[in-house]
Every structure is written in structure tokens, then in C-alpha cells.
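J.: Have a look; sequence and predicted model below, questions after that.
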Amino acid sequence: MFLLCQRLGLLALLAVSLFALSAHAASVLAIDYGSDYIKASLMKPGMPFDILLNKDSKRKIRSSVAWKNGERLFGQDAFNIATRFPKDSYNSLKYLLGAPANADVVTYYTSFAPPTFIASSRFTAAIPKGGKETWDVEELVAMQLAYVRALAEDAAGERVIDAVLTVPAFFSQFERDALADAVELAGLRLITLVNDGAAVAVNYAMTRQFPTPERHVIYDAGAASTRATVVTFSAQGKKDVTQITVNGVGYDRLAGGTELDRRLRDILIGEFENKHGAKIRDDPKAMMKLWKEAERLKSILSANTEAAARVESVHNDIDFSMKNICVDMPPRFVQPIFDALASANLTVADIDSVILTGGASRIPMVRAALVAAVGEEKLAMNVNSDEAAVLGAALHGAALSRQFRTKDIRISDIAPYDVLVSYLAEAKGSSATTDATRPRTITSTAFARGSRTGTRKTLTFRRKDDFALTFAYREPPAAEFPVELLDARISGVAAALANITEAGGIDPVIKATILFSESGFVSVPEAVAYAELKDESIAGRLKGLFGEGATAEDGSTETADASAAPTPKATKAAATPKDITIPLNVTVKFTSVAPMGLEQKREARQRLLRMEADEAAVAAREEQRNVLEGYLYRLRDLLDGDAEQPFVKCSQETERRAIARQLRDVSDWFHAHADEAQTKDFIEKRASLETLERPVVHRFKEIEEFPQALNNSQMWNWHTRMFLAEARANLTAEEQAGAGAAAAAGRYTRAELDELEHALREHEVWLDERVERQRSVPMNRDPVVRSSEMRERAGTLERHLQRLVQKKPPRRTTSSSGSSSGRSSSSSTPLPTDEGGKTHDEL
């Protein structure tokens with residue numbers, strides 16, 4: 001008997017055990033979308049838990065998208081053409097997510113990026129693409145995310161939908177909305193946004209236990225900004241649960257690697273202009289060359305204190321060099337640590353270490369500033385500074401997806417800004433209002449800075465008419481950013497109150513639920529009209545008539561009619577007040593920087609899908625063109641081969657001449673029309689040649705496969721012969737050992753064995769006859785018997801044999817308890833065995 005056992009690989013990497021809860025468990029894609037580079041990790045059963053590689057097997061992807069002569073490029077290819085097509089190359093778009101068109105960060109971005117920006121219909125930064133159409137920043141970011149999704153799908157071999165993305169802790173709701181829209185446009189479903197400091201903390205906790213609480217600062221000096229996050233690690237409860245609690249955050253939005261690049265580039269520009277007296281800022285290509293040189297210098301300065309620069313072919317091919325570059329930004333790189341500690345009411349002495357992440361943390365200047373600020377003994381380099389965030393996000397996303405079982409690590413993050421809620425007090429008196437009688441605005445703190453993510457609050461109002469809740473930040477999250485977030489209008493109040501009154505509700509109120517989600521979004525998920533209903537029971541009516549009832553000296557409550565009193569169970573149920581809840585309508589309106597509307601997202605998604613479809617069609621055409629061209633060269637080489645080549649041996653002279661004629665015709669067509677031909681034309685031309693070549697290929701494959709097919713057939717003939725000999729011997733022995741019914745109770749009957757022997761003889765006769773005829777067939781003629789037919793007939797014999805091999809022996813019982821032990825033992829033998837003690841299960 002053959003048993004098929006399938007083992008599921010259990011991956012143990014970094015002490016994380018990952019199990020799929022379902023055979024069809026979905027994959028989870030984690031993306032660390034940085035200003036310079038994108039890192040991604042795919043969680044999928046059966047795949048190693050590691051970084052997703054790009055098409056060049058690199059572990060990070062350049063955050064760039066560009067167009068070259070209508071062709072869309074991504075990653076390093078897009079960044080490399082920036083010096084040739086600077087206005088068609090878009091890099092570091094993270095700066096512009098959710099930013100108003102007049103924000104300082106847009107001006108800062110244009111100081112080093114050549115593309116032209118305009119205001120979109122939502123007053124965000126947009127890029128003109130011809131005519132009146134524009135590219136929203138969300139669409140350009142979505143293209144990059146879709147490229148990462150395609151890489152993940154190629155690696156997974158299936159569709160990838162769920163995604164979790166990292167964001168800086170200082171990202172406002174505007175920026176988070178923009179990134180969430182980009183994820184949706186890319187064809188992904190957002191599980192959550194996780195602050196990058198918390199994601200690094202998850203990665204740090206993957207391989208560690210915390211019997212006693214530890215407090216660390218996650219320091220991340222990246223390309224666009226520098227962040228510091230104070231986190232506390234602790235074990236929670238008796239179970240193996242690790243709790244990560246964020247205590248405070250600090251940041252500098254513009255202190256990062258890009259700022260160093262910009263300053264280095266400005267030094268290069270100043271050096272050039274001082275030496276040559278020529279203005280270079282109006283030359284986009286020259287500016288991009290200087291920007292690339294500045295990036296190269298920064299890379300050198302990541303391991304050295306000095307560097308030399310030389311840029312060739314810059315502005316009229318004038319060369320220059322520069323030495324001894326210095327940067328004066330150390331205080332800005334360390335200030336986020338002190339801000340984070342201050343927000344957590346802690347000092348440097350209260351923390352165990354400062355965990356370094358981010359590429360800029362490797363720069364000697366930054367490292368020296370950190371040593372001066374916190375001491376060298378506090379600096380820890382115990383995580384991968386480039387990949388810790390995305391690996392932690394992947395683990396966190398897998399845990400939230402509920403498709404995997406992972407180490408239980410829980411995050412409790414905080415709000416970076418104060419969120420206020422405002423509403424108008426209900427007007428009293430006549431409907432006519434003046435400045436003196438106008439309702440006052442009531443403002444309170446909905447979520448204070450430091451509030452926990454996932455916080456849900458219920459606001460209770462005594463209102464008679466519809467009203468609105470206005471949410472806003474206390475202060476702008478960045479320069480020229482608005483404070484207004486959204487208006488949530490609650491409608492249907494009057495009708496709901498009327499229904500409650502009609503149903504007997506008492507003292508109705510309006511309850512609005514406000515939420516600060518795990519992803520950092522403020523929302524009003526629901527609002528209801530609520531009231532308790534009047535108690536119409538006898539006890540309730542008596543309470544209404546006599547207050548709380550007459551209390552005797554023993555403290556018990558007396559009723560009007562003891563005989564009519566309900567049972568204790570019924571009394572308890574009647575005393576429990578019932579309530580009524582009616583849902584209200586909540587309409588959200590974004591009052592400043594709004595996310596993309598449903599129709600806008602639909603149109604943008606369709607544009608991206610059309611673009612992807614066009615690119616797929618172009619790629620398919622190029623693939624078919626290359627396939628045909630390679631096929632033409634291969635056929636030419638086959639026809640030019642000598643008489644000892646397999647192709648010549650397996651083909652006839654007439655066939656080779658026909659193939660040669662068709663090959664000339666297709667080659668002439670290819671050289672004349674390949675540039676304008678369509679995909680189907682390449683396929684048709686190749687098919688015309690394959691039709692002529694197919695008989696030759698068939699003969700060659702049959703010659704290759706014939707020996708194996710013959711051996712397989714002869715093997716099953718032999719196995720069947722051996723089985724029949726042993727089975728007949730066992731059957732004869734059983735017949736001689738017993739008589740009558742005992743003989744008929746054998747494992748196999750003579751009829752079954754005769755039927756198998758008949759099938760064996762038919763197969764042997766057929767095989768001998770076909771093999772003998774095949775011996776006289778030359779190599780350039782079609783075979784008499786096909787290998788597939790031989791395998792099919794051998795399979796028929798195999799199945800016939802297996803039915804008998806796997807047949808269970810009949811159950812035998814002794815006729816009485818006085819039977820001899822030897823006979824009883826013989827009757828209970830389940831399988832006939834040979835002298836070696838083996839059954840036929842090995843077949």
C-alpha cells in the first residue's frame with residue numbers, strides 16, 4: 001500500500017514560529033515606504049520570512065518612478081535616468097503626501113527636485129501630465145506600491161491583497177489619508193498603518209523575553225526625517241505575551257539624509273560658481289548630476305570624516321573637485337531624543353539604551369553627536385538598521401490578519417497631537433438670532449497628545465435637532481498645514497426622538513462614538529438616540545405612584561397585592577429597565593485637505609489599470625518578438641547541422657526543404673515588419689514553422705522516451721508474475737489446510753487471480769508485438785507505438801494489480817472456544833506472507 005504524507009514546513013527564523021491557520025491562508029505584504037528606498041517583506045506559508053527582493057535581487061527598491069519615451073520605469077532604473085530626463089523622474093514623493101500646495105514642505109521639495117508642481121482640485125500637490133489632466137501624488141505613490149505588489153505576487157505565485165505600511169509617528173491625518181488612498185489605488189487592502197518606531201520595537205522583541213520591564217529609545221535617522229520613540233517592553237500576564245508601550249515621541253521633519261544631500265549639493269554649486277562664474281541652477285540636468293554626486297559623498301561620509309568630489313561633464317563640460325566637506329547639523333539630529341524623553345517625563349538616565357536605525361545613523365558626524373548626547377555606553381546596534389522596521393511591520397500585520405499564529409506581541413501607541421472637538425450649544429428661545437443670542441461654540445479635548453491608539457469615547461448630548469461635531473488639531477502639525485480635520489454632521493435627531501417618545505422613552509439623549517484608530521485616524525463611527533423605556537409592570541406603576549415603595553421595619557419592600565406578586569425570577573426581570581436605541585445618520589465632510597473621493601479614486605484606479613494593461617500588452621509583444629527571433633536562429637542552426645545531428649537523423653529531406661522555405665519567408669517578413677507587427681502576428685509566424693517542425697520533434701522525443709516506457713511496462717509485467725506465483729501458492733496452501741467454507745474464505749479467489757493473469761497475458765502479447773514492429777522503423781519515420789500508449793497500458797495493468805494487493809483479508813472467527821491454539825492462530829493471520837515475512841504492500 002502506498003501512503004502519501006505531506007509535511008508542512010515550519011519556519012523558525014528569529015525565534016518566530018509561523019503557522020498557517022488555513023490551507024488557503026492569505027499572504028501579508030509589509031512595506032516600509034521611505035523617502036529614498038522602499039523595503040518590503042512578504043509573509044506567506046511555505047516562504048522564508050525575509051526581505052522581498054527586487055528584479056535585480058537587491059534588498060531595497062529605490063522610491064522612484066519615471067517615464068522614458070513613454071515607457072514607465074521603477075526603482076533604480078527610474079532614478080538612473082534622472083540626469084537625462086529630470087522633469088520626468090519623480091523621487092522622494094513621501095514629502096508631498098497629504099501636503100497642501102502652499103505648505104513649506106512643498107517649497108522645500110522643489111529646492112532639490114526639478115519636476116513642476118501645481119495645486120490639485122483638493123489643493124494638494126499635483127503634477128501636470130498634459131492638457132488639463134494632472135497626476136496626484138497619491139497616484140504616483142500608488143504606482144510604486146503596485147510595482148512592489150507585482151514583485152510580491154511573482155514571489156508568492158498568487159495574488160497578494162493585504163498590506164501593512166509603516167509611517168513616521170509625526171504623520172498627521174492628512175498624510176495618513178493620502179498614503180491609505182495610494183494603497184487602495186495600488187490594488188491593496190490596508191490592514192493597518194504602524195508607526196515605524198513601534199515596528200522596530202516589534203522586530204527587537206521578536207527574539208527577546210522581558211521578565212523585567214525594559215525601556216529603550218528607538219532612534220531612526222532616515223532620509224527624510226529623524227525620529228525618536230521611547231518604548232517600554234514588558235511581559236504581560238501568565239501567557240507568553242510581550243507588551244510594547246510607547247511612552248513618548250520626538251522628531252525633526254527635515255533632519256535626515258536628504259537634507260545632508262541638499263547641503264552637500266549647495267556646497268558643490270557654490271564651489272562651481274565661485275570658480276567659473278557661471279550659473280548652474282537653471283540647468284536641470286546639471287543639477288541632477290550634482291545631486292547624484294552629493295548622494296555619493298554622503299555614502300562616503302557614512303564611513304569617513306572627509307570626502308572629495310569630482311563631477312565631470314557639468315555645465316559646458318567644466319570639471320571641478322572639492323575636498324574637506326563639513327556638515328553643521330549635529331544638534332538637529334539629537335534633539336528628537338530629548339523631545340521624546342520630555343514627552344514621556346523621563347531623562348537619559350531612565351533608559352536602558354538607544355537603539356540605532358536608519359541609514360543616517362551610520363554617519364560619523366551623527367554618531368559623534370549621539371555619543372556626546374547620551375554616552376557611548378547607551379548606544380545599541382542590535383537590530384538591522386535598514387530592515388528592522390519592515391520586518392517588525394510584517395510580523396505585526398501577520399498577527400492582525402488572523403491568518404497566522406505568531407509570537408504574541410502587542411503594541412500600545414500614542415497620539416502625537418492634541419485633537420479638539422467643537423460643537424454649537426443648542427439655541428434657545430425664538431428662531432431669530434442676533435450676535436448676542438447666537439449659540440456659543442463649545443470646545444473640548446477629544447484626544448489629548450499621548451492618548452492611546454484604539455481609544456473609543458462616547459459623547460452624550462441633550463439635543464432636539466441635528467448638529468455637527470468639528471474636529472481639529474490644537475496646533476498645525478507642520479508649517480502651513482491646516483488644523484481643521486473634519487466635520488461629522490449627525491442628522492435624523494428629531495425623527496428619532498419622536499419615535500422614542502412614542503415608544504415610551506424617558507429622558508432621551510444623543511450618544512456619539514468617536515474613535516482614534518490604531519492607524520491614527522480620527523472618526524465618528526456611529527451615533528444613536530438612546531433612552532430608557534417606561535416600566536409598565538405592576539411594580540413599576542406602584543413605584544411611580546408611591547415613589548420607591550413602603551419599606552417595613554425589616555427592610556423589605558412591600559407590594560400592593562401579595563397574591564398577585566410575580567415569581568422572584570419574573571420580579572427581577574421586570575425590575576431591569578429596558579432601553580431603546582435608534583441609529584442616526586453620520587455624514588463626514590473634510591474641511592481642509594480632503595482625502596480622495598470615491599469617484600476620484602475610481603477614475604485614478606481605472607487610469608492605473610489601463611496603464612498596467614498597456615504595459616502588459618507591450619511586454620507581451622516584446623516577449624513574442626524575442627521568442628520568434630530566437631526560434632528563427634535555432635531553426636537555422638538545426639538545418640545547417642551535419643548528418644549526425646539528431647534533428648537531421650529524425651527528419652526527412654522533404655521536411656527539411658519545406659522548413660527551409662518557410663524559414664526564409666518568415667525571416668524576410670521579420671526583418672521588414674517586426675517593428676510594426678502585433679503580438680498575434682509573431683505568434684502566427686512562429687506557429688507556421690512549429691507545424692512543420694512538430695513531426696520531427698515528436699520522433700525525437702519518442703526515441704528518447706521509448707526505453708523508459710518499455711522498462712516501465714516490463715517492470716509491471718514482472719511484478720504481476722511474482723504476485724500471481726505467490727498468491728496461487730498461498731491459495732493452494734489454504735485449500736489444503738482446510739475444506740469447504742474455510743477454503744472459500746481466502747484473501748484472493750481463483751477467479752480474481754485468473755482475471756489478473758488474463759490481463760497480464762494480453763499486455764505481454766501486445767507489448768511483444770509492438771516492440772518487434774518498432775525495431776524495423778527508421779528514425780525519420782513515425783513510431784509504430786507511442787510512449788504514452790505504453791504508459792497507459794502499463795498503468796491499466798498496475799491498477800488491476802493494486803486492487804488485489806490492497807484488498808483486505810476476510811475476517812475469520814473460530815467455530816468454538818475449544819479450537820486449538822494453532823488453528824486459531826492460522827485463522828487470524830491478516831495477510832499471506834512469504835518466507836521473508838513480507839507482504840505485497842511493498843508494491
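T.: The structure has been received and is ready for your questions. Residues are numbered from 1 along each chain as shown.

J.: would you list every one of the strands in the stretch 251-400 of the chain?
T.: 309-314, 318-322, 353-357, 379-380 (DSSP state E, counting those that start in this stretch).

J.: Least reliable of these by average pLDDT, please.
T.: With a mean of 38, strand 318-322 has the lowest mean pLDDT of those.

J.: thought residue 163 was touching residue 190?
T.: Yes. Between residue 163 and residue 190 there is a contact at 6.0 Å, judged by C-beta atoms under 8 Å. The way it works is simple: take the backbone N, C-alpha and C, and place the C-beta from them, glycine included.

J.: ok, the two, which is more surrounded?
T.: residue 163 (26 against 18; other C-beta atoms under 10 Å).

J.: quick one: secondary structure of the more buried one?
T.: With DSSP: H, G, I helix; E, B strand; the rest coil as the basis, residue 163 sits in strand.

J.: any weak-confidence spans in the stretch 101-250 of the chain?
T.: 130-131, 238 (pLDDT under 70).

J.: cool, the chain as well?
T.: For the chain (pLDDT under 70), the answer is 1-25, 130-131, 238, 277, 301-328, 428-437, 535-577, 738-746, 812-843.

J.: so where's the longest helix in it?
T.: Using DSSP state H, we find that the single longest helix of the chain is helix 679-737.

J.: gap between it and the chain center?
T.: Relative to the chain's own centre, helix 679-737 is displaced by 45 Å; criterion: C-alpha atoms, centre = their mean, to the nearest Å.

J.: what's that helix packed up against?
T.: Counting contacts by 3 or more C-beta pairs under 8 Å, 6 or more residues apart in numbering; DSSP states H and E, helix 679-737 is packed against helix 598-639, helix 646-649, helix 653-673, helix 741-744, helix 750-775, helix 787-805.

J.: joint contacts of residue 163 and residue 190?
T.: Both residue 163 and residue 190 are in contact with residue 183, where contact means C-beta atoms under 8 Å, 6 or more residues apart in numbering.

J.: Now stretch 634-649: buried residues?
T.: 635, 638, 639, 647, 648, 649 (16 or more other C-beta atoms under 10 Å).

J.: Report the contact partners of the fourth one.
T.: The contact partners of residue 647, taken as C-beta under 8 Å, 6+ apart, are 638, 639, 641, 696, 700.

J.: let's go with 10 Å and repeat that
T.: Contacts for residue 647 (C-beta atoms under 10 Å, 6 or more residues apart in numbering) come out as 634-635, 637-639, 641, 656, 659, 693, 696-697, 699-700.

J.: Could you do the last one as well?
T.: Contact partners of residue 649, counting by C-beta under 10 Å, 6+ apart, are 641, 643, 696, 699, 700, 703, 778, 779, 780.

J.: helix or strand for the second one, which one?
T.: What that stands for is residue 643. When secondary structure is defined by DSSP states H and E, residue 643 falls outside every helix and strand.

J.: The closest residue to it other than its chain neighbours and residue 786: what is the separation?
T.: Leaving aside its chain neighbours, residue 643 sits nearest to residue 649 (7.4 Å; criterion: C-beta to C-beta, 6 or more residues apart in numbering). Residue 649 sits 19 Å away from residue 786, going by C-beta to C-beta, to the nearest Å.

J.: Then residue 185?
T.: The gap separating residue 185 from residue 786 is 53 Å, by C-beta to C-beta.

J.: cool, and residue 140?
T.: Taking C-beta to C-beta, one finds residue 140 at 57 Å from residue 786.

J.: Perfect, I'm done here.
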